[in-house]
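>>> Fold the following.
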Amino acid sequence: MQRPGLVVHSLVLVGIFAVHAASAQSRIVEAAFIEELSIGEDEGADAAYLLGNPTHVRVDSLGNIYVAEERQCVVKIFDTDGVLLRALGGRGEGPGEFREISGMVLDEDDRIVILDRFARRITVFSPDGLVLNTHSFDLDHTIRPKDLIYLPHRGYAFPGSPVAQGAVESEHFLISIFDSTFNEVRSRAVRATDLYDLENPFHLAMLEGGFDLRMNSGPSGELLASPYLYNGKIYVYERRGDEWSGTVVRGYMPDRESHHVSQPTDAELRQMHAENSVSQVVNGTYGRFAVRSERHSYGTFRLNDGHLVHFVHSRLDNKDWRMFVEFFASDLSFMGRVPLNVDARENGNHGTGSTRLEVLELDENGRFYAIGHKSGFPVLHRMRFEYTVE
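As a prediction, the model looks like this:
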(Lines give C-alpha, C1' and ligand atoms only; values in the text may rest on other atoms or scores of the structure.)
Protein backbone atom coordinates (compact mmCIF):
# COMPACT_ATOMS: atom_id res chain seq x y z
CA MET A 1 0.00 0.00 0.00
CA GLN A 2 1.30 3.39 -0.92
CA ARG A 3 1.90 5.72 1.97
CA PRO A 4 -0.39 8.80 1.96
CA GLY A 5 1.42 12.04 1.38
CA LEU A 6 1.84 14.87 -1.07
CA VAL A 7 2.86 14.44 -4.67
CA VAL A 8 3.06 17.47 -6.95
CA HIS A 9 2.75 17.04 -10.70
CA SER A 10 3.10 19.60 -13.48
CA LEU A 11 -0.39 19.03 -14.91
CA VAL A 12 -0.26 22.17 -17.03
CA LEU A 13 3.15 23.44 -18.06
CA VAL A 14 3.54 26.79 -16.37
CA GLY A 15 6.91 26.60 -14.69
CA ILE A 16 8.89 24.72 -12.12
CA PHE A 17 7.14 23.06 -9.19
CA ALA A 18 8.59 22.39 -5.78
CA VAL A 19 7.81 19.23 -3.88
CA HIS A 20 7.18 20.00 -0.23
CA ALA A 21 7.95 17.16 2.13
CA ALA A 22 5.42 16.68 4.90
CA SER A 23 6.83 17.82 8.22
CA ALA A 24 5.95 16.62 11.70
CA GLN A 25 2.49 17.97 12.47
CA SER A 26 -0.79 17.39 14.22
CA ARG A 27 -3.11 14.58 13.29
CA ILE A 28 -6.88 14.40 13.19
CA VAL A 29 -8.44 12.54 16.13
CA GLU A 30 -12.19 12.89 15.66
CA ALA A 31 -14.73 14.78 13.57
CA ALA A 32 -18.49 15.25 13.82
CA PHE A 33 -21.44 16.95 12.20
CA ILE A 34 -23.82 18.60 14.69
CA GLU A 35 -27.17 19.18 13.03
CA GLU A 36 -28.75 22.61 13.40
CA LEU A 37 -31.55 22.51 10.85
CA SER A 38 -33.30 20.09 8.51
CA ILE A 39 -35.60 20.75 5.56
CA GLY A 40 -37.82 18.05 4.10
CA GLU A 41 -37.78 15.81 7.16
CA ASP A 42 -41.35 16.53 8.36
CA GLU A 43 -43.56 14.33 6.20
CA GLY A 44 -46.63 16.15 7.53
CA ALA A 45 -45.42 19.58 6.41
CA ASP A 46 -46.79 21.52 3.46
CA ALA A 47 -45.75 19.95 0.15
CA ALA A 48 -43.62 23.00 -0.67
CA TYR A 49 -41.27 22.01 2.19
CA LEU A 50 -40.73 18.49 0.82
CA LEU A 51 -37.81 17.91 -1.52
CA GLY A 52 -37.87 15.83 -4.69
CA ASN A 53 -34.43 15.64 -6.24
CA PRO A 54 -32.21 18.43 -4.85
CA THR A 55 -28.95 18.69 -6.78
CA HIS A 56 -27.45 22.07 -5.80
CA VAL A 57 -27.47 24.05 -2.56
CA ARG A 58 -26.14 27.58 -2.09
CA VAL A 59 -26.24 30.10 0.76
CA ASP A 60 -26.32 33.89 0.38
CA SER A 61 -24.77 36.59 2.58
CA LEU A 62 -27.90 36.72 4.78
CA GLY A 63 -27.90 33.00 5.41
CA ASN A 64 -30.83 32.27 3.08
CA ILE A 65 -30.68 28.77 1.60
CA TYR A 66 -31.21 28.12 -2.13
CA VAL A 67 -32.15 24.56 -3.11
CA ALA A 68 -32.28 23.59 -6.80
CA GLU A 69 -34.82 20.88 -7.61
CA GLU A 70 -33.77 19.05 -10.76
CA ARG A 71 -37.08 17.40 -11.67
CA GLN A 72 -39.26 20.46 -11.03
CA CYS A 73 -36.72 22.89 -12.50
CA VAL A 74 -37.33 25.31 -9.63
CA VAL A 75 -35.17 26.87 -6.94
CA LYS A 76 -36.71 26.95 -3.46
CA ILE A 77 -35.43 29.72 -1.21
CA PHE A 78 -35.58 29.30 2.57
CA ASP A 79 -34.54 31.73 5.27
CA THR A 80 -31.90 30.85 7.84
CA ASP A 81 -34.58 29.23 10.05
CA GLY A 82 -35.86 27.01 7.25
CA VAL A 83 -38.99 29.05 6.43
CA LEU A 84 -39.86 28.99 2.72
CA LEU A 85 -39.62 32.50 1.30
CA ARG A 86 -40.33 31.93 -2.40
CA ALA A 87 -39.49 29.84 -5.43
CA LEU A 88 -38.18 30.85 -8.81
CA GLY A 89 -38.00 29.18 -12.18
CA GLY A 90 -40.16 26.38 -13.52
CA ARG A 91 -40.06 23.95 -16.40
CA GLY A 92 -40.18 25.60 -19.83
CA GLU A 93 -38.18 27.60 -22.31
CA GLY A 94 -39.40 31.11 -21.57
CA PRO A 95 -37.54 33.80 -19.61
CA GLY A 96 -36.65 32.53 -16.16
CA GLU A 97 -37.64 28.94 -17.04
CA PHE A 98 -35.45 25.88 -17.46
CA ARG A 99 -35.28 22.59 -19.27
CA GLU A 100 -32.77 21.51 -16.61
CA ILE A 101 -30.95 23.16 -13.75
CA SER A 102 -27.46 21.91 -14.56
CA GLY A 103 -25.60 24.27 -12.22
CA MET A 104 -26.35 27.03 -9.75
CA VAL A 105 -24.08 29.55 -7.99
CA LEU A 106 -24.38 32.85 -6.17
CA ASP A 107 -21.94 35.66 -6.94
CA GLU A 108 -20.52 38.20 -4.46
CA ASP A 109 -23.64 40.37 -4.92
CA ASP A 110 -26.01 37.47 -4.15
CA ARG A 111 -27.18 37.27 -7.75
CA ILE A 112 -28.39 33.80 -8.66
CA VAL A 113 -26.67 32.35 -11.74
CA ILE A 114 -28.17 29.20 -13.26
CA LEU A 115 -26.85 27.02 -16.06
CA ASP A 116 -29.31 25.17 -18.31
CA ARG A 117 -27.18 22.99 -20.55
CA PHE A 118 -30.14 21.73 -22.63
CA ALA A 119 -31.39 25.24 -23.40
CA ARG A 120 -27.71 26.22 -23.82
CA ARG A 121 -28.03 29.37 -21.77
CA ILE A 122 -27.26 31.01 -18.45
CA THR A 123 -29.87 33.02 -16.58
CA VAL A 124 -28.94 35.63 -13.98
CA PHE A 125 -31.52 36.55 -11.33
CA SER A 126 -31.48 39.43 -8.87
CA PRO A 127 -31.51 38.56 -5.15
CA ASP A 128 -35.28 39.25 -5.31
CA GLY A 129 -35.75 36.68 -8.07
CA LEU A 130 -36.11 38.99 -11.06
CA VAL A 131 -34.50 37.98 -14.35
CA LEU A 132 -31.63 40.38 -14.98
CA ASN A 133 -30.24 38.89 -18.17
CA THR A 134 -29.57 35.72 -20.07
CA HIS A 135 -26.48 34.54 -21.93
CA SER A 136 -26.55 31.97 -24.71
CA PHE A 137 -23.38 30.00 -25.20
CA ASP A 138 -21.79 27.71 -27.72
CA LEU A 139 -19.13 25.41 -26.38
CA ASP A 140 -19.11 22.93 -29.26
CA HIS A 141 -15.41 23.51 -29.76
CA THR A 142 -14.58 22.68 -26.17
CA ILE A 143 -16.97 20.79 -23.90
CA ARG A 144 -20.53 19.82 -23.13
CA PRO A 145 -21.02 21.76 -19.86
CA LYS A 146 -22.15 19.67 -16.92
CA ASP A 147 -21.96 22.11 -14.02
CA LEU A 148 -21.12 25.68 -13.08
CA ILE A 149 -18.54 26.75 -10.49
CA TYR A 150 -18.08 30.30 -9.25
CA LEU A 151 -14.51 31.56 -8.92
CA PRO A 152 -14.69 34.46 -6.43
CA HIS A 153 -13.91 37.82 -8.12
CA ARG A 154 -12.59 35.98 -11.19
CA GLY A 155 -15.48 34.49 -13.11
CA TYR A 156 -16.86 31.03 -13.72
CA ALA A 157 -15.65 27.53 -14.49
CA PHE A 158 -17.62 25.14 -16.70
CA PRO A 159 -16.73 21.48 -16.10
CA GLY A 160 -17.78 19.19 -18.93
CA SER A 161 -16.84 16.26 -21.09
CA PRO A 162 -15.08 16.65 -24.45
CA VAL A 163 -17.53 16.98 -27.33
CA ALA A 164 -15.76 14.81 -29.91
CA GLN A 165 -17.18 11.36 -29.17
CA GLY A 166 -14.84 8.55 -30.05
CA ALA A 167 -11.94 10.94 -30.51
CA VAL A 168 -10.90 12.21 -27.10
CA GLU A 169 -7.33 13.43 -27.37
CA SER A 170 -4.63 14.44 -24.92
CA GLU A 171 -5.11 18.16 -25.58
CA HIS A 172 -8.74 18.08 -24.50
CA PHE A 173 -9.41 20.12 -21.37
CA LEU A 174 -12.30 19.32 -19.03
CA ILE A 175 -12.92 22.85 -17.73
CA SER A 176 -13.42 26.09 -19.65
CA ILE A 177 -13.00 29.40 -17.82
CA PHE A 178 -15.28 32.40 -18.38
CA ASP A 179 -15.00 35.92 -17.02
CA SER A 180 -17.67 37.66 -14.92
CA THR A 181 -19.60 38.68 -18.05
CA PHE A 182 -19.52 35.13 -19.46
CA ASN A 183 -16.94 35.73 -22.13
CA GLU A 184 -14.67 32.73 -22.55
CA VAL A 185 -11.10 33.49 -21.62
CA ARG A 186 -8.01 31.77 -22.94
CA SER A 187 -7.15 29.79 -19.85
CA ARG A 188 -8.52 26.29 -19.37
CA ALA A 189 -7.90 23.72 -16.68
CA VAL A 190 -7.69 19.96 -16.16
CA ARG A 191 -6.50 17.98 -19.15
CA ALA A 192 -8.40 14.78 -19.85
CA THR A 193 -5.14 12.88 -19.40
CA ASP A 194 -4.72 14.29 -15.88
CA LEU A 195 -7.53 12.02 -14.70
CA TYR A 196 -8.17 9.41 -17.37
CA ASP A 197 -6.26 6.80 -19.34
CA LEU A 198 -7.30 7.39 -22.94
CA GLU A 199 -6.33 3.82 -23.82
CA ASN A 200 -8.87 2.46 -21.30
CA PRO A 201 -12.35 1.90 -22.82
CA PHE A 202 -14.05 2.36 -19.43
CA HIS A 203 -12.35 5.70 -18.89
CA LEU A 204 -13.40 6.79 -22.37
CA ALA A 205 -16.97 5.73 -21.62
CA MET A 206 -16.89 7.84 -18.44
CA LEU A 207 -15.69 10.83 -20.43
CA GLU A 208 -18.29 10.28 -23.13
CA GLY A 209 -21.15 10.04 -20.66
CA GLY A 210 -20.11 13.11 -18.70
CA PHE A 211 -17.23 12.57 -16.30
CA ASP A 212 -18.23 12.30 -12.65
CA LEU A 213 -16.08 14.61 -10.55
CA ARG A 214 -16.99 16.30 -7.30
CA MET A 215 -15.81 19.89 -7.81
CA ASN A 216 -15.80 23.04 -5.68
CA SER A 217 -13.88 26.28 -5.55
CA GLY A 218 -11.91 27.47 -2.54
CA PRO A 219 -11.98 31.01 -1.08
CA SER A 220 -8.94 32.00 -3.16
CA GLY A 221 -10.45 30.76 -6.41
CA GLU A 222 -8.68 27.41 -6.45
CA LEU A 223 -10.47 24.43 -8.01
CA LEU A 224 -10.89 21.34 -5.82
CA ALA A 225 -11.71 18.09 -7.59
CA SER A 226 -12.13 14.47 -6.54
CA PRO A 227 -13.42 11.55 -8.66
CA TYR A 228 -16.73 10.11 -7.45
CA LEU A 229 -15.13 6.68 -7.81
CA TYR A 230 -12.51 7.73 -5.30
CA ASN A 231 -9.04 6.39 -5.97
CA GLY A 232 -7.16 8.07 -3.11
CA LYS A 233 -6.32 11.20 -5.11
CA ILE A 234 -7.61 14.76 -4.82
CA TYR A 235 -6.73 17.40 -7.39
CA VAL A 236 -6.10 21.05 -6.48
CA TYR A 237 -5.75 23.54 -9.33
CA GLU A 238 -4.58 27.13 -8.94
CA ARG A 239 -4.50 29.84 -11.55
CA ARG A 240 -1.15 31.44 -12.29
CA GLY A 241 -1.53 34.16 -14.89
CA ASP A 242 -3.36 32.70 -17.87
CA GLU A 243 -2.59 29.10 -16.97
CA TRP A 244 -3.60 26.64 -14.27
CA SER A 245 -1.22 24.46 -12.30
CA GLY A 246 -2.25 21.26 -10.61
CA THR A 247 -1.32 19.46 -7.43
CA VAL A 248 -2.21 15.82 -6.79
CA VAL A 249 -2.89 15.26 -3.10
CA ARG A 250 -2.85 11.68 -1.87
CA GLY A 251 -5.32 10.65 0.80
CA TYR A 252 -6.06 7.32 2.42
CA MET A 253 -6.06 4.30 0.14
CA PRO A 254 -6.60 0.73 1.47
CA ASP A 255 -5.04 -2.31 -0.14
CA ARG A 256 -8.18 -3.27 -2.07
CA GLU A 257 -9.12 -1.62 -5.36
CA SER A 258 -11.39 1.43 -5.31
CA HIS A 259 -13.77 -0.11 -7.84
CA HIS A 260 -14.28 -3.19 -9.98
CA VAL A 261 -15.36 -2.94 -13.61
CA SER A 262 -16.87 -5.67 -15.79
CA GLN A 263 -18.77 -5.98 -19.06
CA PRO A 264 -21.59 -8.40 -18.18
CA THR A 265 -24.17 -9.98 -20.44
CA ASP A 266 -27.81 -8.99 -19.96
CA ALA A 267 -28.41 -12.05 -17.79
CA GLU A 268 -25.30 -11.39 -15.71
CA LEU A 269 -26.31 -7.76 -15.21
CA ARG A 270 -29.78 -8.75 -14.04
CA GLN A 271 -28.18 -11.13 -11.55
CA MET A 272 -25.83 -8.40 -10.33
CA HIS A 273 -28.80 -6.07 -9.75
CA ALA A 274 -30.64 -8.85 -7.89
CA GLU A 275 -27.61 -9.36 -5.65
CA ASN A 276 -27.15 -5.59 -5.21
CA SER A 277 -23.55 -5.98 -6.37
CA VAL A 278 -23.47 -3.18 -8.95
CA SER A 279 -23.09 0.50 -8.06
CA GLN A 280 -23.65 2.00 -11.49
CA VAL A 281 -23.84 1.11 -15.16
CA VAL A 282 -22.05 3.18 -17.81
CA ASN A 283 -23.30 2.89 -21.40
CA GLY A 284 -21.87 4.43 -24.54
CA THR A 285 -19.95 4.06 -27.76
CA TYR A 286 -17.21 2.16 -25.97
CA GLY A 287 -19.51 -0.49 -24.51
CA ARG A 288 -21.52 -1.17 -21.40
CA PHE A 289 -19.70 -1.35 -18.08
CA ALA A 290 -20.94 -2.45 -14.67
CA VAL A 291 -19.14 -0.89 -11.74
CA ARG A 292 -18.95 -2.14 -8.17
CA SER A 293 -17.36 0.59 -6.12
CA GLU A 294 -15.73 0.50 -2.70
CA ARG A 295 -15.42 4.25 -2.05
CA HIS A 296 -17.31 7.35 -3.19
CA SER A 297 -16.18 10.93 -2.90
CA TYR A 298 -18.78 13.35 -1.53
CA GLY A 299 -16.91 16.61 -1.80
CA THR A 300 -13.69 18.44 -0.98
CA PHE A 301 -13.74 21.79 0.83
CA ARG A 302 -11.30 24.38 2.15
CA LEU A 303 -12.14 25.40 5.72
CA ASN A 304 -11.78 28.96 7.01
CA ASP A 305 -8.70 27.91 9.02
CA GLY A 306 -6.96 26.64 5.87
CA HIS A 307 -7.47 22.90 6.38
CA LEU A 308 -8.68 20.85 3.44
CA VAL A 309 -11.36 18.25 4.20
CA HIS A 310 -12.61 15.47 1.98
CA PHE A 311 -15.77 13.45 2.71
CA VAL A 312 -15.76 9.78 1.66
CA HIS A 313 -18.47 7.11 1.75
CA SER A 314 -16.56 3.85 2.14
CA ARG A 315 -17.48 0.18 2.15
CA LEU A 316 -16.19 -1.59 5.26
CA ASP A 317 -14.77 -5.11 5.41
CA ASN A 318 -18.13 -6.40 6.62
CA LYS A 319 -19.75 -4.81 3.53
CA ASP A 320 -21.51 -2.07 5.51
CA TRP A 321 -20.94 1.54 4.49
CA ARG A 322 -19.75 4.46 6.61
CA MET A 323 -18.89 8.12 6.15
CA PHE A 324 -15.28 9.17 6.76
CA VAL A 325 -13.48 12.49 6.57
CA GLU A 326 -9.90 12.94 5.38
CA PHE A 327 -7.93 15.91 6.73
CA PHE A 328 -5.11 17.82 5.09
CA ALA A 329 -3.05 20.70 6.48
CA SER A 330 -2.93 24.04 4.71
CA ASP A 331 0.21 22.87 2.87
CA LEU A 332 -1.84 19.83 1.69
CA SER A 333 0.07 17.28 3.76
CA PHE A 334 -2.10 14.38 4.94
CA MET A 335 -3.27 14.49 8.59
CA GLY A 336 -5.26 11.27 8.63
CA ARG A 337 -8.74 9.83 8.19
CA VAL A 338 -11.41 9.36 10.86
CA PRO A 339 -15.04 8.21 10.90
CA LEU A 340 -17.50 11.09 10.55
CA ASN A 341 -19.86 11.08 13.51
CA VAL A 342 -23.29 12.55 12.85
CA ASP A 343 -24.72 13.66 16.18
CA ALA A 344 -28.33 14.42 17.10
CA ARG A 345 -29.58 17.98 17.05
CA GLU A 346 -29.18 19.99 20.19
CA ASN A 347 -32.95 20.40 20.45
CA GLY A 348 -33.44 16.67 20.86
CA ASN A 349 -34.09 15.64 17.27
CA HIS A 350 -32.75 12.24 16.28
CA GLY A 351 -30.17 13.56 13.83
CA THR A 352 -29.86 12.71 10.17
CA GLY A 353 -30.53 8.97 10.46
CA SER A 354 -28.48 8.57 7.27
CA THR A 355 -25.37 6.51 6.58
CA ARG A 356 -24.68 8.57 3.43
CA LEU A 357 -24.51 12.33 3.17
CA GLU A 358 -23.82 14.12 -0.08
CA VAL A 359 -22.08 17.29 1.07
CA LEU A 360 -22.98 20.14 -1.28
CA GLU A 361 -22.10 23.45 0.33
CA LEU A 362 -19.93 25.18 2.92
CA ASP A 363 -21.08 28.65 3.99
CA GLU A 364 -18.92 31.55 5.15
CA ASN A 365 -19.69 30.66 8.79
CA GLY A 366 -18.21 27.19 8.42
CA ARG A 367 -21.52 25.30 8.33
CA PHE A 368 -22.05 22.42 5.91
CA TYR A 369 -25.16 21.61 3.92
CA ALA A 370 -25.71 17.99 2.93
CA ILE A 371 -28.42 15.79 1.47
CA GLY A 372 -29.35 12.62 3.33
CA HIS A 373 -32.43 10.41 3.10
CA LYS A 374 -35.22 9.48 5.47
CA SER A 375 -37.70 6.77 4.48
CA GLY A 376 -36.44 7.09 0.94
CA PHE A 377 -37.01 10.85 0.70
CA PRO A 378 -34.25 13.47 0.48
CA VAL A 379 -33.63 15.73 3.46
CA LEU A 380 -31.38 18.79 3.54
CA HIS A 381 -29.29 19.13 6.71
CA ARG A 382 -27.40 22.18 7.90
CA MET A 383 -24.65 21.13 10.29
CA ARG A 384 -21.80 22.53 12.31
CA PHE A 385 -18.50 20.78 11.76
CA GLU A 386 -16.46 20.07 14.88
CA TYR A 387 -13.14 18.28 15.00
CA THR A 388 -10.19 17.61 17.27
CA VAL A 389 -6.51 17.48 16.35
CA GLU A 390 -3.51 16.64 18.51
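>>> show me where the stretch 101-250 of the chain has helices.
Listed in chain order, the helices of the stretch 101-250 of the chain (DSSP state H, counting those that start in this stretch) span residues 192-195, 201-208.
>>> tell me which residues of the shortest one are tucked away?
Within helix 192-195, the residues scored as buried using 16 or more other CB atoms under 10 Å are A192, D194, L195. All C-beta spots, glycine's among them, are computed from the backbone N, C-alpha and C.
>>> Specify the beta-bridge partners of the nearest residue to the last one once chain neighbours are set aside.
Nearest in space to L195, with sequence neighbours left out and distances taken as CB to CB, 6 or more residues apart in numbering, is P227 at 6.7 Å. On DSSP bridges, the residues paired with P227 through beta bridges are L213.
>>> P227: how many residues sit nearby?
By other CB atoms under 10 Å, 22 other residues sit near P227.
>>> Enumerate every residue touching it.
P227 is in contact with L195, D212, L213, R214, K233, S297, counting by CB atoms under 8 Å, 6 or more residues apart in numbering.
>>> Make a markdown table from these and add distance to T80 and pLDDT to it.
Formatted as a markdown table, those follow (distance: CB to CB, whole Å; pLDDT from 0 to 100):
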| residue | distance to T80 | pLDDT |
| --- | --- | --- |
| L195 | 37 | 79 |
| D212 | 32 | 76 |
| L213 | 30 | 80 |
| R214 | 26 | 87 |
| K233 | 36 | 91 |
| S297 | 29 | 93 |
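>>> Tell me which two of the residues you listed sit farthest apart.
Farthest pair in the contacts of P227 (CB to CB) is D212 and K233. Separation: 14.4 Å.
>>> For L85, see how far away E208 is.
40 Å (CB to CB, to the nearest Å).
>>> Check L37 too.
15 Å.
>>> Pick out whichever of those two has more residues nearby.
Taking other CB under 10 Å, L37 and L85 do not tie; L37 has more neighbours (19 against 12).
>>> so who does that one touch?
By CB under 8 Å, 6+ apart, L37 lies in contact with D81, G82, H381, R382.
>>> Strands along the stretch 1-150 of the chain, start to end?
With strands called from DSSP state E, counting those that start in this stretch, the stretch 1-150 of the chain shows them at 6-7, 28-39, 54-59, 65-69, 74-78, 84-89, 103-106, 112-116, 121-125, 131-136, 143-145, 149-151.
>>> Equivalent analysis for the stretch 251-390 of the chain, please.
Along the stretch 251-390 of the chain, the segments classed as strands by DSSP E, counting those that start in this stretch run 259-262, 280-284, 287-293, 295-302, 308-315, 321-328, 334-343, 358-362, 367-374, 377-389.
>>> The third one to helix 201-208, inter-axis angle?
The directions of strand 287-293 and helix 201-208 differ by 100 degrees, with axes from the mean of the first three to the mean of the last three CA atoms, to 10 degrees as the criterion.
>>> can you count the residues close to S126?
With other CB under 10 Å as criterion, S126 counts 12.
>>> same check, this time on the one 5 residues further on
With neighbours defined by other CB under 10 Å, the count for V131 comes to 16.
>>> in the sheet, who's paired with it?
In beta-bridge terms (that is, DSSP bridges), V131 pairs with F125.
>>> Enumerate every residue touching E93.
R99, A119.
>>> how much space between it and R99?
In terms of CB to CB, E93 sits 7 Å off from R99.
>>> Over to D363?
29 Å.
>>> Then R191?
Going from R191 to R99 by CB to CB gives 30 Å.
>>> These two: which is more packed in?
R191 (19 against 15).
>>> Redo the strands of the stretch 251-390 of the chain as TSV? Include mean neighbour count and distance to E268.
Shown next, in TSV, are the strands of the stretch 251-390 of the chain (neighbours: other CB atoms under 10 Å; distance: least, CB to CB, whole Å):
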stretch	mean neighbour count	distance to E268
strand 259-262	16	8
strand 280-284	15	12
strand 287-293	17	8
strand 295-302	23	23
strand 308-315	22	21
strand 321-328	21	24
strand 334-343	18	34
strand 358-362	22	29
strand 367-374	21	29
strand 377-389	18	31
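>>> Could you report the neighbour count for the residue nearest to I65 when sequence neighbours are not counted?
In space, I65 comes closest to F78 once its chain neighbours are excluded; the distance is 4.5 Å by CB to CB, 6+ apart. Neighbour count of F78, defined by other CB under 10 Å: 21.
>>> Ok, G92 next?
12.
>>> Tell me the spatial nearest neighbour of L340, not counting adjacent residues.
Using CB to CB, 6+ apart, the closest residue to L340 is M323 (4.2 Å).
>>> can you pull the contacts of the nearest residue to A31 once chain neighbours are set aside?
Spatial nearest neighbour of A31, chain neighbours left out: Y387 (4.1 Å); criterion: CB to CB, 6+ apart. Going by CB under 8 Å, 6+ apart, Y387 touches I28, V29, E30, A31, A32, V325, F327.
>>> do you know how far F289 is from V261?
F289 is 5 Å from V261, by CB to CB.
>>> anything in contact with each of the two?
What both F289 and V261 touch, as defined by CB under 8 Å, 6+ apart, is the set F202.
>>> got any ranges where the stretch 151-300 of the chain has weak pLDDT?
Where the stretch 151-300 of the chain drops to pLDDT under 70, the residues are 161-171, 186-187, 209-211.
>>> try it again with 80
For the stretch 151-300 of the chain, applying pLDDT under 80 flags the ranges 153, 160-174, 184-192, 194-195, 207-212, 240-243, 254-258, 284.
>>> In this structure Y298 contacts R214, no?
Yes - counting by CB atoms under 8 Å, Y298 touches R214, with 6.7 Å between them.
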